[in-house]
Structures are given as structure tokens and as C-alpha cells.
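>>> model the following, please.
(one chain, ligands or ions: 3)
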Amino acid sequence: MLGRLRLDRIVSKASTRPLQTSLLRPFSSSEHDFDFDSLRKFKAPLQVPKRGVDILHDPLFNKGTAFKSGERDRLRFRGLLPPRRLTMDMQAKRMLQAIRDNDSDIGKNKCIEDLHDRNETLYHRLLVDNIEELAPIIYTPTVGQACKEFGTRFRKPRGMYFSAEDKTNMAAMVYNWPQRDVHVIVVTDGSRILGLGDLGANGMGIPIGKLSLYCAAGGIAPHRVLPVTIDVGTDNEELLEDEFYLGLQHKRIKGKEYFEVVDEFMQAVKHRWPHALVQFEDFRSEVAQPLLNNYRDTHLCFNDDIQGTGATTLAGCLGSLRATGKAVEELGNQRILIAGAGSAGIGVAGVLYQAMLEQGFDEATAKKAFFIADEHGLLTKDRTDLNTEQAFFARDEGKGMGLEEIAAEYKPTILLGLTACGGLFKENLIRTMSANCEKPIIFPLSNPTSSAECTAEQAYEWSNGTCVFASGSPFDPVERDGKTYYPTQCNNMFIFPGLGLGASLCGAKKVTDKMLYESAVALANFVTEEELEQGKVFPRVSQIRAVSKAVACSVIREAWKDGITTRVKEKEMSDLENFVDSKMYDPVYVPIVEKPF
Ligand SMILES: NC(=O)C1=CN([C@@H]2O[C@H](COP(=O)(O)OP(=O)(O)OC[C@H]3O[C@@H](n4cnc5c(N)ncnc54)[C@H](O)[C@@H]3O)[C@@H](O)[C@H]2O)C=CC1
Ligand SMILES: CC(=O)C(=O)O
Ligand SMILES: [Mg+2]
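Ligands and ions are numbered 1, 2, ... in the order given. Coordinates of the predicted model:
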């Protein structure tokens with residue numbers, strides 16, 4: 001307590017005049033894990049256990065040409081940078097120009113990810129200030145191509161790899177990660193990367209991209225995130241034959257042995273970082289649900305494709321009901337055709353179903369709203385190839401019916417695509433939907449763009465401009481008969497950064513279904529009447545930081561109500577918006593001093 005009082009007093013003096021290191025008792029990176037929140041609050045310098053050129057080569061501390069003259073002396077690298085000092089604004093302007101100068105999106109991705117490896121503060125500043133332009137570059141759709149090229153592009157490691165060959169070593173390996181204060185881990189086994197299938201160890205681009213959004217949109221500081229790939233081999237023959245492939249060069253291990261590898265990882269992580277949130281990402285459906293079932297009550301974790309996508313799509317459906325002049329409580333009266341019965345399709349069905357119960361529909365009515373089909377047709381009770389979650393939604397009749405037959409027979413009002421099957425929604429399907437429904441809701445949600453079930457233009461054209469449209473990857477506005485249509489993006493990026501921020505800030509013991517439901521409601525409430533009138537059922541991506549904050553507050557309130565928080569007190573709860581705001585990472589340069597060796 002005494003130490004804190006003294007520090008406040010000294011620092012408040014220091015903030016009014018130039019930095020004098022002799023007067024300051026700086027925060028130490030080893031004591032505080034460079035707690036940027038406190039640094040910002042107290043305007044204290046950051047003490048780093050490095051000197052000279054090593055600081056320039058550490059992306060967490062490097063400011064490049066923005067280092068001030070005194071700092072260059074103090075940190076012993078005067079002469080190692082060109083003499084001119086640029087402000088952060090000038091650096092950002094220059095980098096944005098360099099990114100835009102690339103002809104292709106993948107070129108832009110390389111340019112900005114190079115910056116990620118040089119200067120994380122500037123990278124995240126650029127993302128925060130230009131998220132609408134840059135999200136498609138660091139995330140879907142471009143991240144799909146970046147993953148495909150991951151092996152050939154590899155220069156510098158980011159994140160951790162746990163392979164089947166690391167068995168029995170993982171509890172020790174986690175200590176190789178240099179940061180003590182990890183809050184969020186995104187882990188994949190690379191087995192179903194977007195709609196691109198098994199990309200093995202090359203799938204690492206996805207945890208990296210998702211965590212960039214955690215920092216820029218969710219306000220988690222970059223030293224607190226950890227991208228992970230669990231490499232158990234790949235069944236992708238092309239990769240197995242690729243001489244430069246960087247993952248294990250054998251087929252995937254499966255069954256008991258696979259689950260043992262993941263379990264060792266989960267226990268190791270929990271041992272070193274007991275409060276870290278683990279986000280399962282892009283695991284193939286055969287293992288995604290079983291893994292979630294294994295850990296959802298014992299670890300702070302969730303599956304983004306099942307639960308994050310479910311909450312996002314629920315928000316989109318509620319927004320669409322409002323956009324079509326219906327009450328949100330009408331959800332259970334809809335007829336919902338879901339193409340795709342994998343983790344995303346069934347995950348979405350599960351969250352929508354829970355929402356219907358929440359709204360007061362009984363189980364039988366809620367279940368009847370769903371028509372789920374895979375490439376073998378409608379899920380029906382007489383099928384013997386369904387898992388427990390699929391069987392739950394199986395219908396009594398309609399065996400073998402395809403999408404168009406289902407549309408003609410049952411007249412769905414909502415069509416969701418989660419198949420990874422590009423172009424699956426044909427003209428006839430969408431025309432049938434529109435013939436039977438005044439304003440059909442059409443969401444081709446598969447990523448990247450090449451996997452989308454239809455384009456925005458097709459959906460508006462084939463529905464004669466009547467549909468409410470949202471897609472997993474972004475589409476440009478569409479001009480048709482003198483009218484402009486504005487497609488919005490139904491992507492789990494509107495949920496996971498806020499969910500992670502909220503869960504980690506309040507120290508939630510687990511992620512509950514109700515937390516997801518409340519996240520969806522917070523997202524849905526973000527869309528204004530004006531936007532709905534224009535057919536926009538999701539907020540603009542430029543608002544994602546504000547959305548994430550609202551989602552985080554809802555998550556914390558729900559966890560508090562449920563009695564599963566470990567880190568927040570009455571005081572923080574009474575002024576929650578400000579508390580969350582004060583904890584969100586804002587990428588600005590802070591003064592740096594060298595920690596004495
Ligand atoms: N917009 C978003 O936020 C999200 C989108 N997704 C996308 O959803 C897609 C699916 O993901 P998962 O469910 O994990 O994959 P998955 O491979 O487990 O599931 C795909 C499902 O589609 C079915 N399918 C394949 N061809 C079909 C056809 N011709 N007709 C009907 N069904 C067919 C398969 O049988 C399977 O049930 C991916 O492209 C992914 O990018 C996933 C999560 C979030
Ligand atoms: C967005 C996402 O999580 C996916 O396409 O898998
Ligand atoms: Mg995913």
C-alpha cells in the first residue's frame with residue numbers, strides 16, 4: 001500500500017515535466033509483466049530487461065523511428081537509427097501508404113504482418129484506426145491464402161507449437177513462453193481451416209489473425225495473447241508430399257492418442273496460466289464438440305465455431321426479424337433451413353434453439369423450427385450416420401430431401417449456409433425461398449469468400465431485392481435497379497473479442513450458454529433502426545471495438561449474476577463500462593527505461 005502511494009505521488013509530479021529516470025520508480029516488466037493499464041494510468045515508464053539493439057529487435061518494445069532523442073541515449077542505441085524522428089501518426093501514415101501500394105490483398109497481408117514482427121504497437125494502432133479496411137487483410141478472406149502460403153513464407157516464429165512428439169514435455173514447455181501474464185490462447189489443430197479443409201501446421205495463421213482481433217477489437221494487450229497450434233499430423237496429401245511443409249510429416253493421429261495430446265496441452269496451460277481463456281478454433285467436427293464437452297466445465301474455454309458463431313448468427317437473426325418488421329420474440333415461429341451439419345451448423349442451431357427456450361417457446365415447438373441438411377439431405381430420425389448433437393435436430397420425415405425440395409415443401413423463412421461449399425445456393429433455391437416468403441433471410445456464412453454459398457449480388461438478384469443478407473466474409477454494396485443494397489458481415493469476430501475480454505477481466509470460472517446468449521443480445525442491440533432500414537443487420541466493422549466493449553460488459557454482468565467471477569468486486573460492477581474501458585489496451589508508445597541487470 002505504502003509503495004503504491006509513493007509511486008502515485010512521484011508519478012503525478014513526473015507527468016507534468018520531462019522524464020527524469022532518477023526521480024521515477026518505474027514499473028518493472030518482471031514485477032508487473034509490463035502492465036500497460038497501469039503505465040497509461042500513472043504515465044510511468046516501462047522498465048525492460050533489455051538494452052540497445054535488442055530493444056529495437058523486440059516488436060513489443062520497438063518504436064522504430066519514433067524513439068525520442070533522450071530515449072535513444074538512455075537505451076544506448078543512438079546512431080543505430082536514422083536521425084530524423086517521426087511521430088506515431090507519421091509512421092502510421094507511411095505504413096498505411098506502403099500497405100495500400102500493394103496490388104494484391106496477399107501482398108498487403110505480407111506488408112502488415114512484417115510490421116507485426118517489427119513493431120506491435122504501431123501494427124495495432126493501424127488496426128484500431130483502420131479496422132474496416134484492414135480486417136479483410138489480416139483476417140477472412142485473406143488469412144485463408146496466408147495460411148496456404150504459411151510454410152513458404154515462414155521467417156520468424158510467433159506463438160507455440162505442441163506436437164504429438166512433445167508428449168510428456170508440455171508441462172515444462174509452457175514455461176518456454178516468455179510472458180507470464182497470458183489472458184487469451186487461441187488454439188487450433190489445423191484440421192478444418194475456414195472452408196479450406198485440413199491445412200495442418202499451416203493453420204497457425206488463424207490463431208494469429210484471431211488474436212490480432214483480440215488486441216485491436218477486444219483491447220487485450222499483445223503480450224497477453226498466445227497463438228497455439230497442436231500438430232498431430234495432417235491428412236492433406238498435398239502437404240505430406242510438399243518438401244517444405246513445416247508440420248509433422250505423417251497422417252493425423254486419431255482416437256485416444258489424439259485426445260491424450262490435447263489433454264496434456266490443456267492441463268499444462270491451466271497449470272501455468274490458471275485464469276487464461278482457451279478458444280478452440282477450426283477443429284474438425286468429429287473432435288470439436290467432444291473437446292468442448294471435455295473441458296467446458298473444468299476450464300475457462302469455448303469453441304468459437306460452435307458457440308461464437310451461434311451467438312453471432314443469433315444476433316443476425318434477431319436483427320433481421322426487426323428489419324423485416326417482426327418482433328424478435330418471433331424467432332421460434334420461423335422455419336430455419338441450415339445447410340451444413342458440422343460444428344458450425346449444429347452449433348448455430350443449438351444457440352438459436354436455446355434462445356427460443358429463453359423467449360418462452362417450449363422444446364417441441366423450438367425443435368420443429370429447424371430443417372438441417374448435409375450433402376446426404378435432411379437430417380431425419382432414420383439416418384444411422386448422425387452424432388448425438390445432429391440426432392437431436394433430426395426430423396420425423398423428409399429422408400433424402402435436398403435443399404430445394406425442403407424449400408419448396410416447408411417454406412423456410414431463414415436460410416443459413418455453413419457447408420464450406422462455394423456456390424451451393426443456386427438460383428432456384430433462392431427464388432423458391434422468395435416465392436414463399438416476403439422477405440427471406442439469407443446468410444451464406446462459409447469462409448473465405450470462395451467458399452460462400454452465394455454472393456451478395458446473386459442473393460439480391462434472385463430474390464428480386466427482397467432478401468435480408470449477411471455473409472461470413474465481406475461483400476461490397478450492390479447496385480440494382482437504381483437502389484444500393486448494403487450487405488453486412490455475420491462473422492464470429494463480433495463476439496469472440498468481447499467474450500474473451502469480459503471473461504478474462506472478471507476472472508470467469510467458465511463460459512456458460514447464458515453468457516453467449518447475453519453476448520448475442522448485446523450485439524443485436526448495437527444495430528440502429530436506421531441501419532436496419534437499410535438492410536444492415538450487423539454493425540459496421542469500424543464499430544467493432546465499441547461492440548466488443550458492450551459484449552464484454554454483458555458477459556461480466558451475466559457471470560456476476562451467476563456467481564462465477566473471481567476478479568471483480570462491487571466497486572467495479574457499479575461502474576462497469578468505465579472499468580472495462582480503463583482495462584482495454586490502447587496502442588500508444590510509452591516511455592521506456594532499461595531495467596538494471
Ligand atoms: N461466418 C462465421 O463466423 C463462421 C463461418 N464458418 C464457416 O462454416 C463452414 C463450415 O464449418 P464447419 O461446420 O466447422 O465445417 P464442417 O466440415 O464440420 O461442416 C460442413 C458441413 O457441411 C456439410 N456439407 C458439405 N457439402 C454439402 C452440400 N453439398 N450440401 C449440404 N451440406 C453439405 C457437411 O456434411 C458438413 O455437415 C466453414 O466454411 C467455415 O468457414 C465457421 C465458423 C464461423
Ligand atoms: C470465422 C470462422 O471462425 C471460420 O470461418 O471458421
Ligand atoms: Mg473458425
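>>> pLDDT score assigned to the residue of the chain found nearest ligand 1?
With C-beta to the nearest ligand atom, the shortest gap between the chain and ligand 1 falls at residue 342, namely 2.0 Å. All C-beta atoms are positioned from the backbone trio N, CA, C, and that covers glycine. The model reports residue 342 with a pLDDT of 97.
>>> next one: residue 50
Predicted confidence (pLDDT) at residue 50: the value is 89.
>>> do the same with the one 10 residues further on
Model confidence at residue 60, expressed as pLDDT, equals 94.
>>> my read is that the residue of the chain closest to ligand 1 contacts residue 445, right?
No: the pair residue 342 / residue 445 is not scored as a contact, 11.6 Å apart, by C-beta atoms under 8 Å.
>>> pull up the overlap in contacts between the two.
Contact with both residue 342 and residue 445 is made by residues residue 418, according to C-beta atoms under 8 Å, 6 or more residues apart in numbering.
>>> so which of the two has more stuff around it?
Set residue 342 next to residue 445 and count neighbours by other C-beta atoms under 10 Å: residue 445 wins out with 31 against 20.
>>> quick one: contacts for that one?
Neighbouring residues of residue 445 by C-beta under 8 Å, 6+ apart: 309, 313, 344, 416-418, 452-453, 470-472, 490-491.
>>> host element of the residue lying closest to residue 158 once chain neighbours are set aside?
Spatial nearest neighbour of residue 158, chain neighbours left out: residue 208 (5.9 Å); criterion: C-beta to C-beta, 6 or more residues apart in numbering. Using DSSP states H and E, residue 208 maps to helix 205-216.
>>> tell me which stretches of the stretch 51-200 of the chain form strands.
Shown for the stretch 51-200 of the chain, the strands assigned by DSSP state E, counting those that start in this stretch span residues 160-163, 184-188.
>>> reformat those strands as TSV; add mean neighbour count.
Shown next, in TSV, are these (neighbours: other C-beta atoms under 10 Å):
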stretch	mean neighbour count
strand 160-163	20
strand 184-188	27
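>>> out of these, the one nearest ligand 3 is which?
strand 184-188 (8.2 Å; C-beta to the ion).
>>> relative to residue 386, how far out is residue 290?
15 Å (C-beta to C-beta, to the nearest Å).
>>> quick one: the strands in the stretch 401-550 of the chain?
Here the stretch 401-550 of the chain has its strands, by DSSP E, counting those that start in this stretch, at 414-417, 441-444, 468-471, 478-480, 483-485, 488-489.
>>> report the contact partners of residue 220.
Neighbouring residues of residue 220 by C-beta under 8 Å, 6+ apart: 183, 184, 214, 497, 500, 501, 504, 585.
>>> in stretch 541-561, which residues are buried?
Under the neighbour-count criterion of 16 or more other C-beta atoms under 10 Å, stretch 541-561 has 541, 543-545, 547-560 buried.
>>> residue of the stretch 151-300 of the chain closest to ligand 2, please.
For the stretch 151-300 of the chain, the residue closest to ligand 2 is residue 194, as judged by C-beta to the nearest ligand atom, at 4.5 Å.
>>> from what I see, that residue and residue 139 are in contact.
No: the pair residue 194 / residue 139 is not scored as a contact, 10.0 Å apart, by C-beta under 8 Å.
>>> and the nearest residue to residue 382 once chain neighbours are set aside, how many residues sit next to it?
What sits nearest to residue 382 in space, not counting adjacent residues and going by C-beta to C-beta, 6+ apart, is residue 399, at 5.8 Å. Residues within reach of residue 399, counting by other C-beta under 10 Å, total 15.
>>> right, and residue 449 touches residue 473 too?
Yes: counting by C-beta under 8 Å, residue 449 touches residue 473, with 4.5 Å between them.
>>> which neighbours do these two have in common?
By C-beta under 8 Å, 6+ apart, the residues touching both residue 449 and residue 473 are 140, 141.
>>> between the two, which is the more surrounded one?
More crowded of residue 449 and residue 473, by other C-beta under 10 Å: residue 473, with 24 against 20.
>>> contacts only, for the more buried one.
136, 140, 141, 447, 448, 449, 452, 489, 491.
>>> out of these, give me the two with the largest separation.
136 and 452 (13.2 Å; C-beta to C-beta).
>>> more neighbours: which of the two?
Between residue 136 and residue 452, residue 452 has the larger neighbour count (other C-beta under 10 Å), namely 28 against 20.
>>> could I get stretch 436-448 in CSV with only the CA atoms?
This file holds the C-alpha atoms of stretch 436-448, laid out as CSV (Å, rounded to 0.1, in the frame of the first residue of the first chain):
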residue,chain,number,x,y,z
ASN,A,436,-42.9,-18.4,-50.3
CYS,A,437,-41.7,-15.6,-48.1
GLU,A,438,-42.0,-11.9,-48.4
LYS,A,439,-38.5,-11.0,-47.0
PRO,A,440,-36.4,-14.2,-46.8
ILE,A,441,-33.3,-14.0,-44.6
ILE,A,442,-30.3,-15.4,-46.5
PHE,A,443,-26.9,-15.8,-44.8
PRO,A,444,-24.2,-17.7,-46.7
LEU,A,445,-21.8,-17.9,-43.8
SER,A,446,-18.9,-20.0,-45.1
ASN,A,447,-15.4,-18.5,-45.4
PRO,A,448,-13.4,-17.5,-47.2
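>>> now it: buried residues?
For stretch 436-448, the neighbour count (16+ other C-beta under 10 Å) marks 437, 439, 440, 441, 442, 443, 444, 445, 446, 447, 448 as buried.
>>> can you get me a residue count around the closest residue to the first one other than its chain neighbours?
By that I understand residue 437. Nearest residue to residue 437, sequence neighbours excluded (C-beta to C-beta, 6+ apart): residue 413, at 4.9 Å. The number of residues packed around residue 413, counting by other C-beta under 10 Å, is 24.
>>> wouldn't residue 413 be in contact with residue 332 here?
No: with contact defined as C-beta under 8 Å, residue 413 does not count as touching residue 332 (11.8 Å).
>>> which residues touch the closest residue to ligand 2 within the stretch 351-500 of the chain?
Residue nearest to ligand 2 within the stretch 351-500 of the chain: residue 447 (3.7 Å; C-beta to the nearest ligand atom). Counting by C-beta under 8 Å, 6+ apart, residue 447 touches 140, 141, 144, 194, 195, 472, 473, 491.
>>> sort out for me which of these are in helices.
Counting by DSSP state H, the part of the contacts of residue 447 found in helices is residue 144.
>>> between the contacts of residue 447, which has the most around it?
Tallying neighbours with other C-beta under 10 Å puts residue 472 at the head of the contacts of residue 447, with 29 neighbours.
>>> that one contacts residue 140, doesn't it?
Yes: counting by C-beta under 8 Å, residue 472 touches residue 140, with 6.8 Å between them.
>>> surely residue 317 is in contact with residue 331?
Yes: the pair residue 317 and residue 331 qualifies as a contact (C-beta under 8 Å) at a distance of 6.3 Å.
>>> quickly list what's touching both of the two.
residue 352.
>>> higher neighbour count, the two?
Each of residue 317 and residue 331 has its neighbours counted (other C-beta under 10 Å); residue 317 has more, 30 against 23.
>>> could you measure from the more buried one over to residue 504?
Residue 317 sits at a distance of 28 Å from residue 504 (criterion: C-beta to C-beta).
>>> that older thread, quick one: contacts for the residue nearest to residue 437?
Here residue 413 is in contact with 334, 335, 336, 437, 440, 441 (C-beta under 8 Å, 6+ apart).
>>> for ligand 1, what are the nearby residues on the stretch 451-597 of the chain?
Residues of the stretch 451-597 of the chain lying close to ligand 1 (C-beta under 6 Å from any ligand atom) are 451, 472, 490, 491, 492.
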